[in-house]
Every structure is written in structure tokens, then in C-alpha cells.
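Engineer: Next input, structure requested:
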Amino acid sequence: MTGRSRALLVSVFLLGIAAPVLAQPAASASALSHPGSLAAIGGLSAGSSDSGGSLGAALGFDATERVAVEGRAIFMQRGGAHGLELTGTMLFTLARGPKAAPYAAIGGGLYRASFQLGDGRFFGGMSSQFGPGTRFVPIQGQMGFGMMAGGPTFNGDVWTGPWTGPLFTGSQMPMFYANRLGQMTIPASGRWGMRSFTDPALTVGGGVQFDVTERFYIKPDVRALVVFAGGSQLALTTMTVGFGYRF
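Structural biologist: Take a look at the predicted model:
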């Protein structure tokens, strides 16, 4: 799913859930009677080529009746890869009904992605094609990795010119991360280990808060998370439901 598709999905979601609420009369109770909130979050996350479950928590505070601040941490599991979102967000209430309030969200923070390189989706099958000690390097603009068995040593991290040698193309790691692995060597033990990347991120989206009681609420939410590094971007989507308590 492209970044444009994610933005369209968020827009449609907001319009669909906001329409019935906008027609409701405003709530008479003050939104600041219980300004703090704590929520457990669960749902799905989707990247450029995979998806998986997500689980986390959010701590919020109502600054005014229309503006709230939120900090949230979400762990995302996707096969041999997982991610951790740590963001601070401003929530802007679009309308307030007796039991529901749609909102827009924008904020930023950090995203940490970790890859178990020995997973079959990444480099777990490489040793069956190329022997231990073989060097490989990311090729700029390509999904494949150039394989180097002996010969002159390449001292760079990414091959930028044309490549005519053997290629390994089995990895499903996004190029956003693959091009940052640098030159690597197939381990003799076959144990690749874990590689992690921590990058700044922007989050934007929205949802609806449904009041179950004065203190308990349910909050479906959709957000796009755009991760930045070295002039490149990677877009992720989180679709979650929060179960919260006001205090």
C-alpha cells in the first residue's frame, strides 16, 4: 500500500465516522472533568509488503475541550521483523456529541525497526546459494544484493554503479533498510543475528472516541506513520482500537 493510499484510507475513515456525530447536539458535561486518560491499544499494522498485529498503550491529557496531548508506545510484530513506535501527538476534536467525538491527530517521535536476518523472508536461505564467507553488498536502486566471492575488497556500504555479477534477490526487507545494511559476510555458523534501526517519524490520522460511561471509553483509530532516514521515507499504517479509562 502506497503513502497516498494510506492517506486516502485515513480520510475515508474520518469522514465515515464523523458524519453521524456532527449531527448530534454538543455534550453539556465538561470535557475537562477527568482530563487524564490511560488506554490499552490493540490492532493491526501494515508495511510496504507485510502486516501483523500490534499492541501498546497511550497516556493522554486534555489541555482544553478541543485539544489533547497524547503519548503512545506500540509494539508491532510482522513475522521475522518487529517495530516499536514511540510518539507524542496532538489530538484535535472535530465535533463533540453526547457519546462520541471524532478527532484528528498529528505528531512525531521515533520508530525502531528490528529484523531477524536469519529469517527465511530475509537472508535465511542465502547459505544454500552462496557459501559462508561470501561478501554481499546492497545495490543502490535495486532489491537485489551483489555477491562477492574473493577479488578486490569493496570498501563502500552501497554499490552505486552497474552490477554484472551474481545477485541474491530473496530478501523481502524494504529497500529503506536494506540499503543501510552495508557490506556483510555470510556467517560460517549460519547465525545471522538481529539488526535494528532507529529513525525519526511523523504520525497523522484520526479516529473517534466513544464514551461507554463517564470514565470508560473505546477509541478506534487509524494513523499513517512516515519514517525518515537519509533523504528517504517509509510509510506504515496502524489500525487500532483503544480501551481507556479517564482519571
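Engineer: so where's the protein uncertain?
Structural biologist: By pLDDT under 70, the low-scoring segments of the chain are 1-32, 48-49, 127-128, 150-152.
Engineer: Helices of that one, residue ranges please.
Structural biologist: Assigned helices in the chain, in chain order: 3-22, 175-178 (criterion: DSSP state H).
Engineer: residues contacting the residue nearest to Leu117 when sequence neighbours are not counted?
Structural biologist: Taking Cβ to Cβ, 6 or more residues apart in numbering, and ignoring the residues beside it in sequence, Leu117 has Trp192 as its nearest neighbour in space, at 3.5 Å. C-beta coordinates here come from the backbone N, C-alpha and C atoms, glycine included. Trp192 makes contact with 116-118, 122-124 under the criterion Cβ atoms under 8 Å, 6 or more residues apart in numbering.
Engineer: separation between the closest residue to Pro132 other than its chain neighbours and Thr134?
Structural biologist: The spatial neighbour of Pro132 that comes closest, neighbours along the chain excluded (Cβ to Cβ, 6+ apart), is Ala188 at 4.1 Å. Counting by Cβ to Cβ, to the nearest Å, the gap from Ala188 to Thr134 is 11 Å.
Engineer: Show me which pair in the contacts of Trp192 is furthest apart.
Structural biologist: Maximum pairwise distance in these, criterion Cβ to Cβ, is 9.6 Å, between Gln116 and Phe123.
Engineer: if you count what's nearby, which of these two comes out ahead?
Structural biologist: Residue environment comparison for Gln116 versus Phe123 gives the larger neighbour count to Phe123, 25 against 18, counting by other Cβ atoms under 10 Å.
Engineer: isn't Met143 right up against Asn179?
Structural biologist: No. Here Met143 does not reach Asn179: they are 9.9 Å apart, not a contact under Cβ atoms under 8 Å.
Engineer: show me the contacts for Ile149.
Structural biologist: Actually, residue 149 is Ala rather than Ile. 130-131, 134-135.
Engineer: Out of those residues, which sit inside strands?
Structural biologist: Secondary structure assignment by DSSP state E places Arg135 of those in strands.
Engineer: Write the PyMOL selection for whichever of the contacts of Ala149 are buried.
Structural biologist: Restricted to buried positions by 16 or more other Cβ atoms under 10 Å, the PyMOL selection for the contacts of Ala149 reads:
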select buried, resi 130+134+135
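Engineer: Strands of the protein, start to end?
Structural biologist: Counting by DSSP E, the strands of the chain are 36-46, 51-62, 67-78, 81-93, 100-116, 135-138, 145-148, 167-168, 184-185, 194-211, 216-229, 232-246.
Engineer: Next, the residues that contact the second one from outside, please.
Structural biologist: Meaning strand 51-62. Residues lying outside strand 51-62 but in contact with it, judged by Cβ under 8 Å, 6+ apart, are 31-32, 35-45, 68-79, 82, 85, 91, 238, 240, 242, 244.
Engineer: What subset of those residues is buried?
Structural biologist: 31, 37, 39, 41, 43, 45, 68, 70, 72, 74-76, 78, 82, 85, 91, 238, 240, 242, 244.
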